[in-house]
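**Q** With the sequence up front, the predicted model follows.
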Amino acid sequence: MPPPFGAGSSSLLVRIGIGCFALGLIAVAVVFGMFAAGAHDLPLWLNLAAMLAPVGFGLALLGMFRQARRRAAPAGPVGSSA
């Protein structure tokens, strides 16, 4: 029987993805704020940190797909009639 949905049921990959996505969104907000303030040559690390948002989104999606496939996997061999 699969574990119930709840607080402890998310996989590690989903948690890492959500964290990366959140850090990327913060970096994007900082980039927009600095551009609005008139800054033009932003540091490379800030632009790379903004790339964490799509990477984190992809990791979270991958983790959710793996989690859904694991829950949908049949318990016994295929074709067995018990």
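**A** It's in.
**Q** residue contacts, L42?
**A** Taking C-beta atoms under 8 Å, 6 or more residues apart in numbering as the definition of contact, the neighbours of L42 are V31, M34, F35. Where C-beta positions appear, they are placed from N, C-alpha and C, glycine not excepted.
**Q** Top of those by number of neighbours, please.
**A** Neighbour count (other C-beta atoms under 10 Å) singles out V31 as the most crowded of those, with 16 neighbours.
**Q** Spatially nearest residue to it (excluding sequence neighbours)?
**A** For V31, the nearest residue in space outside its immediate sequence neighbours is A50; the separation is 5.5 Å by C-beta to C-beta, 6 or more residues apart in numbering.
**Q** How about G24?
**A** Excluding its sequence neighbours, the residue lying closest to G24 (C-beta to C-beta, 6+ apart) is A53, at 2.8 Å.
**Q** residues in contact with the helix or strand containing that neighbour?
**A** The secondary structure element spanning A53 is helix 52-72 (assigned by DSSP states H and E). Contacts of helix 52-72 from elsewhere in the structure, counted by C-beta under 8 Å, 6+ apart, are 2, 10-25, 27-28.
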